[in-house]
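[1] no FASTA, just this:
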């Protein structure tokens with residue numbers, strides 16, 4: 001719940017929720033049964049991340065991602081996702097249910113990888129980018145990952161493990177002047193042959209596993225927390241419904257002068273950065289601004305330049 005000092009009065013809050021979740025409304029709630037348990041569901045939530053991303057494609061040339069000085073429209077992002085998905089299926093042999101790990105900074109390729117993996121029915125494993133070599137060894141074995149997409153820092157840490165792990169490694173944003181370990185492929189070399197390819201066909205069950213994110217491991221080994229497509233999208237709609245209810249219950253005195261725009265200042269391997277921020281921006285067709293590394297000064301520059309309205 002929101003802190004009491006910022007939460008709208010209960011009656012107003014309940015009225016806003018009732019309006020948003022009523023029959024025929026955007027966030028209409030219905031009764032359903034999932035794995036034998038009766039639950040309330042958002043009727044209009046897409047059944048899987050594949051269908052969710054199909055809706056994002058309709059945004060076309062609108063700006064989706066800004067990474068430092070790089071810009072990607074929704075159409076650009078879809079092209080990257082389709083090519084990578086085709087490469088994973090046809091070059092790497094990824095099949096439904098296979099685990100594919102992502103270990104890198106908040107690069108656009110993190111988002112493209114997550115979308116591509118889940119769109120073909122595989123399971124995206126968000127690896128903690130701060131893990132050491134030993135922790136990476138544990139996480140890759142524990143998750144059963146068959147493919148790893150990693151940036152140069154994570155490539156360096158995983159190199160000592162390559163002889164013992166049965167994992168195909170793809171290097172993202174690695175300087176072409178630096179030699180890669182034997183067997184490691186460059187992202188560009190893997191994906192370029194599939195430029196312009198269509199998203200591979202896949203039947204994605206709403207209750208199939210979609211991602212694994214790891215706990216902090218404060219008292220023992222980190223635990224891989226599994227989420228299904230339905231769980232992710234129902235949570236996403238709940239975040240969105242709550243945000244809109246806040247506005248309905250306490251409307252601004254005047255319209256905001258700029259369109260909604262998010263800045264991503266937390267890791268994508270954490271559920272906050274991944275679901276309410278990244279997927280939330282995508283759901284709304286909003287621009288998401290990314291940065292190489294957290295810096296208050298750089299964040300302020302990007303907030304001013306891109307007219308950022310929202311951050312977590």
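    Yes, it's here. Only a predicted model underlies this, so the values are computations on that prediction, with no experimental measurement involved.

[2] where are the low-confidence patches of this structure?
    Across the chain, the stretches falling below the confidence threshold (pLDDT under 70) are 1-11.

[3] could you pull out the helices for it?
    In chain order, the chain shows helices spanning 10-20, 49-57, 74-90, 108-119, 133-143, 152-158, 187-191, 229-249, 271-272, 280-284, 296-306, with DSSP state H as the criterion.

[4] what would those helices look like in JSON lines with distance to residue 102?
    Just so you know, the C-beta spots here come from the backbone N, C-alpha and C atoms, and that holds for glycine as well. As requested, those are exported to JSON lines (distance: least, CB to CB, whole Å):
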{"stretch": "helix 10-20", "distance to residue 102": "33"}
{"stretch": "helix 49-57", "distance to residue 102": "14"}
{"stretch": "helix 74-90", "distance to residue 102": "11"}
{"stretch": "helix 108-119", "distance to residue 102": "5"}
{"stretch": "helix 133-143", "distance to residue 102": "11"}
{"stretch": "helix 152-158", "distance to residue 102": "9"}
{"stretch": "helix 187-191", "distance to residue 102": "12"}
{"stretch": "helix 229-249", "distance to residue 102": "15"}
{"stretch": "helix 271-272", "distance to residue 102": "14"}
{"stretch": "helix 280-284", "distance to residue 102": "17"}
{"stretch": "helix 296-306", "distance to residue 102": "23"}
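
[5] Check the ones you listed for me and report the most buried one.
    With neighbours defined by mean count of other CB atoms under 10 Å, none of those is more surrounded on average than helix 108-119, at a mean of 26.

[6] Show residues contacting that helix.
    Contact partners of helix 108-119, identified using CB atoms under 8 Å, 6 or more residues apart in numbering, comprise 48-50, 53, 65, 67, 70, 72, 77, 80-82, 84-85, 88, 94, 100, 102, 104, 123-124, 126, 149, 172-173, 187, 199, 202, 204, 210-211, 229, 268, 274, 278, 290.
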